[in-house]
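Trainee: Next comes the sequence, and after it the predicted model I'd like to discuss.
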Amino acid sequence: MNSQFSKILWSINKDEIDMLNVLINIVERNNSFDPDVPFDYETPVYKIDTNMHELSASLGFLNLQIDHVNNTLENLSTKSATMYFEDGEDRIMKKGPFVQEYHISSSKKDVNKRIQIWVNTSIIKIFREDKQMFELFYRFDKYNLRSKYSRILYEMFGKKSRTSKKIDIDEFAEELDYDITETKNKTWSRLNSNILKRAVKELEDKSNLSLDYAKIKEKDPLDGRVKTSKVHIEAIAAPEINEPGTYFDDEFLMKRKIAYYLEREVESRFKATTRFGTVSVRDEDAYKAKTRRELKRFEQEYEARVLLQEWINIIKYQHPNIHTRSN
């Protein structure tokens with residue numbers, strides 16, 4: 001598709017955003033193994049081949065979270081994103097979930113619980129090319145913005161601390177009305193009552209963004225009538241105490257993975273001491289805390305283990321250049 005991306009409307013929560021974040025990071029890592037081969041955006045689906053340990057670690061858990069991973073993937077397979085693209089004067093709308101299909105190994109011998117996931121290539125492209133999109137989605141979830149118009153207004157005016165803008169009414173209506181078949185608000189009164197009042201109230205009640213707007217009347221050069229032709233919007237985004245999450249880069253994810261591997265070693269040592277009776281552990285928490293402090297000196301070794309395991313997965317699953325499901 002040569003058309004230009006315009007908007008994406010998608011109601012997903014923080015757990016689902018985190019999973020999306022991690023999966024796209026895996027896509028980028030896979031692509032980096034063979035940088036001379038361009039990513040194939042022409043195919044509708046991309047196959048990710050990974051395992052339960054990698055996803056649990058990347059999501060920030062310290063132990064295996066099979067149910068959480070499964071439930072989150074299931075949600076991403078049912079919640080559709082609405083994507084809008086512009087091709088000249090035409091607007092194109094596409095709908096679909098991020099996860100098209102996924103398989104989790106049921107073999108007891110496969111201790112890594114292999115996961116094969118077929119994901120939406122269009123959504124991969126959107127988030128790979130605009131990493132700030134993740135921060136925007138974290139804000140939508142943080143503020144619990146439910147109205148699509150509130151989200152669009154936040155995206156338009158929430159990026160700067162202060163914005164003053166005059167917009168043509170028809171242009172503004174088109175900017176807001178991405179679901180073309182749902183509404184056709186072209187007049188100021190309908191745009192104001194059906195969209196702006198409700199969206200502005202939700203933003204002021206829930207978010208750090210406040211909007212003030214006023215209509216501007218001008219004489220129509222065609223019929224000489226005075227009409228509302230523009231809207232003047234003043235927006236103020238207050239500073240936040242706690243910034244929402246941003247894109248998870250390799251350095252950020254590596255810290256999580258090291259913590260995961262380290263915790264597995266702590267658990268293994270604790271079980272060994274109690275199983276063989278070599279050490280009498282009366283205070284489990286104190287023993288584990290002491291072991292963690294000792295093992296943190298070897299973070300470089302754990303990083304090497306993570307990288308080695310990722311290479312093993314690449315060789316084992318042979319997946320970096322597989323972009324479509326095999327017949």
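Mentor: Okay, I see it.
Trainee: In terms of helices and strands, where is residue 42?
Mentor: Assigned by DSSP states H and E, residue 42 belongs to no helix or strand.
Trainee: chain center to stretch 86-102: distance?
Mentor: Averaging C-alpha positions (CA atoms, centre = their mean, to the nearest Å) puts stretch 86-102 16 Å from its chain's average.
Trainee: Pull out the buried positions in the helix or strand encompassing residue 31.
Mentor: Residue 31 is part of helix 14-32, with elements assigned from DSSP H and E. For helix 14-32, the neighbour count (16 or more other CB atoms under 10 Å) marks 15-27, 30-31 as buried. Using the backbone N, CA and C atoms, a C-beta is placed for each residue, glycine as well.
Trainee: could you point out the longest helix in this protein?
Mentor: Taking DSSP state H as the criterion, the chain has its longest helix at helix 250-276.
Trainee: helices or strands next to it in the packing?
Mentor: helix 14-32, helix 52-58, helix 284-295, helix 299-317 (3 or more CB pairs under 8 Å, 6 or more residues apart in numbering; DSSP states H and E).
Trainee: Could I get the buried residue list for it?
Mentor: Quick answer for helix 250-276 (16+ other CB under 10 Å): 253-254, 256-264, 266, 269-270.
Trainee: which SS class is the residue of the chain positioned farthest from its centre?
Mentor: Note on the chain: the largest C-alpha distance from the chain mean falls to residue 224, namely 49.2 Å (CA atoms, centre = their mean). When classified by DSSP: H, G, I helix; E, B strand; the rest coil, residue 224 comes out as coil.
Trainee: Among the helices and strands packed on helix 250-276, single out whichever gets nearest to residue 248.
Mentor: Among the helices and strands packed on helix 250-276, helix 14-32 comes nearest to residue 248, with 4.9 Å by CB to CB.
Trainee: Compute the inter-axis angle for the closest one and helix 250-276.
Mentor: Relative orientation of helix 14-32 and helix 250-276, computed by axes from the mean of the first three to the mean of the last three CA atoms, to 10 degrees: 110 degrees.
Trainee: Format the buried residues of helix 250-276 as CSV; extra columns: pLDDT.
Mentor: Output for these, formatted as CSV (pLDDT from 0 to 100):
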residue, pLDDT
253, 94
254, 94
256, 95
257, 94
258, 94
259, 94
260, 95
261, 92
262, 93
263, 94
264, 92
266, 92
269, 87
270, 87
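Trainee: Would you mind listing the two of these that lie farthest apart?
Mentor: Maximum distance among those (CB to CB): 26.0 Å, for 253 and 270.
Trainee: Quick check: which element contains residue 100?
Mentor: strand 99-104.
Trainee: what mean pLDDT does that strand have?
Mentor: Averaged across strand 99-104, pLDDT comes to 94.
Trainee: Tell me the bridge partners for the nearest residue to residue 212 once chain neighbours are set aside.
Mentor: Nearest non-adjacent residue to residue 212, counting by CB to CB, 6 or more residues apart in numbering: residue 234, 4.6 Å away. Beta bridges link residue 234 to residue 164, residue 212, judged by DSSP bridges.
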